[in-house]
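# what's the 3D shape of this:
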Amino acid sequence: MRKKIAQQLKRGAVPLLMLVLFGWLSTHSDLVERFYSGKLFPVFAIVGQSITVWIPFSLGDCLYLLCAFFFFTCSTKIVVCLIRKNYSAALVQTLQALNIVLILIVCFYLFWGMNYFRLPLEKRMGLQMEKGETCELLETTALCIERANSFRNQLTERDLQISNQEIFLKAQNLISGNSTVQSYIFGYLPTIKKPITNLHVNYTGVAGYFNPFTQEAQVNTSMPIFSKPFTACHELSHQAGIGFEDEANLIGFILCAESKDPLFQYAAYYHAVFMLLNQLAFQDRDAYFNMLKLIDPVVLKDAKDEERYWRQFDGILTHASSKFYNEYLQINNQPEGLKRYSRMTKLLIAWKRKTAIDF
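Modelled structure (predicted):
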């Protein structure tokens, strides 16, 4: 039994050393940008996407289920060993499980996760992120409200009945053909899939997610339709090597706003409006309530419908998922946690400042 314990300890040494290397590399964003995001990650993206693009279902979801089954089985074996007071066998099983966890963490950072430590998009885009004036926030909010109102009124019943596959295809074409973002991403075979079931993503409060092990982007297909285009472009941004959530939001906004489809354009400004309003409510409550009066009642109804949709799934699982993901983001170079999403407002204002155009 001692020999088996020694074997497991030796097997764990290699992934531990690799994690130490990743830890050192994570403090050198210029090296991550040059050697990982620029050279190594594209290799894994090409291989992964070349395989999964032909699989009609979410391979990543299947792998997650297999992992869950493995760890459930392993936990059961450990408990049985402890009940039987076979502590050596329990230790071997525990070390085996820990080694699998270490290997999965190594694969996560090797296949995609080191993108969390690359040069920030604001630097690569040359955005000036100095603290902006309140007037810039007000101007940007008013502009986005005006655009959201306009594009919402352009939507026809046909636009609102577009299929999920059509939305996915349009989003894939956008990230492949948009010249504005091409130099900041690596888009090889952009592909979006729906989850095996929307049930688990609804109850965890997830609109979309990216699987770094299989290079697959997934979008919740049961949520309100005006949320799907922006979410699709956001997840494709992750697939293209964008790690930070606020940066994926900005890329998603640019893709949707520069499209020719009114549903995508509405999705861009609809999401921007409410992110900007959240920031405005924090800075100037009076201005916040004045801006609310400018929003078209139809747009407000969409927001209420979306809130009502997610509220029906709110519960212990949703809060547990939010807490877990908040800590996950903090571990991966985003100390703001879930608040990182809303930092998109600063990027959006900086983008508007740089382009000097009304989006």
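# and residue 262, how many neighbours does it have?
When neighbours are counted by other CB atoms under 10 Å, residue 262 registers 16. The way it works is simple: take the backbone N, C-alpha and C, and place the C-beta from them, glycine included.
# typo on my end, it should be residue 228
25.
# and it, how far is that from residue 266?
For residue 228, the distance to residue 266 equals 11 Å [CB to CB, to the nearest Å].
# now residue 302. Nearest residue, chain neighbours left out?
In this structure, residue 302 finds its nearest non-sequential neighbour in residue 226, 5.7 Å apart by CB to CB, 6 or more residues apart in numbering.
# quick one: the one you found is in a helix?
Yes. Assessed with DSSP: H, G, I helix; E, B strand; the rest coil, residue 226 lies in a helix.
# pretty sure it sits against residue 266.
Yes. The pair residue 226 / residue 266 is scored as a contact, 6.2 Å apart, by CB atoms under 8 Å.
# which of those two has more neighbours?
residue 266 (27 against 23).
# list the contacts for the more buried one?
Going by CB atoms under 8 Å, 6 or more residues apart in numbering, residue 266 touches 148, 151-152, 154-155, 226.
# now the buried members of the residues you listed.
Those of the contacts of residue 266 that meet the buried threshold are 148, 151-152, 155, 226, by 16 or more other CB atoms under 10 Å.
# which of those sit farthest apart?
148 and 155 (11.0 Å; CB to CB).
# picking up where we left off before, distance check, the residue nearest to residue 302 against residue 295.
With CB to CB as the criterion, residue 226 and residue 295 are 14 Å apart.
# which of the helices and strands in the chain ranks last by mean pLDDT?
helix 316-331 (a mean of 83; mean pLDDT, DSSP states H and E).
# now do it: which elements does it pack against?
Of the remaining helices and strands, none touches helix 316-331 by 3 or more CB pairs under 8 Å, 6 or more residues apart in numbering; DSSP states H and E.
# quick one: contacts of it?
Taking CB under 8 Å, 6+ apart as the rule, helix 316-331 contacts 203-206, 245, 336-338, 340.
# select from the residues you listed the one having the most neighbours.
Neighbour-wise, the contacts of helix 316-331 (other CB under 10 Å) top out at residue 245, 23 neighbours.
# report the contact partners of that one.
Residue 245 neighbours (CB under 8 Å, 6+ apart): 329, 334, 340-341, 344.
# for stretch 44-60, which outside residues touch it?
110-112, 186, 188-191, 193-196, 211, 213-216, 218, 239-241.
# from those residues, which land in strands?
Assignment to strands by DSSP state E places the following of the contacts of stretch 44-60 there: 193, 211, 216, 218.
# dump those to JSON lines, plus distance to residue 67, neighbour count and pLDDT.
JSON lines is the format used below for the ones in strands among the contacts of stretch 44-60 (distance: CB to CB, whole Å; neighbours: other CB atoms under 10 Å; pLDDT from 0 to 100):
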{"residue": "193", "distance to residue 67": "19", "neighbour count": "24", "pLDDT": "96"}
{"residue": "211", "distance to residue 67": "12", "neighbour count": "23", "pLDDT": "96"}
{"residue": "216", "distance to residue 67": "15", "neighbour count": "26", "pLDDT": "96"}
{"residue": "218", "distance to residue 67": "16", "neighbour count": "24", "pLDDT": "96"}
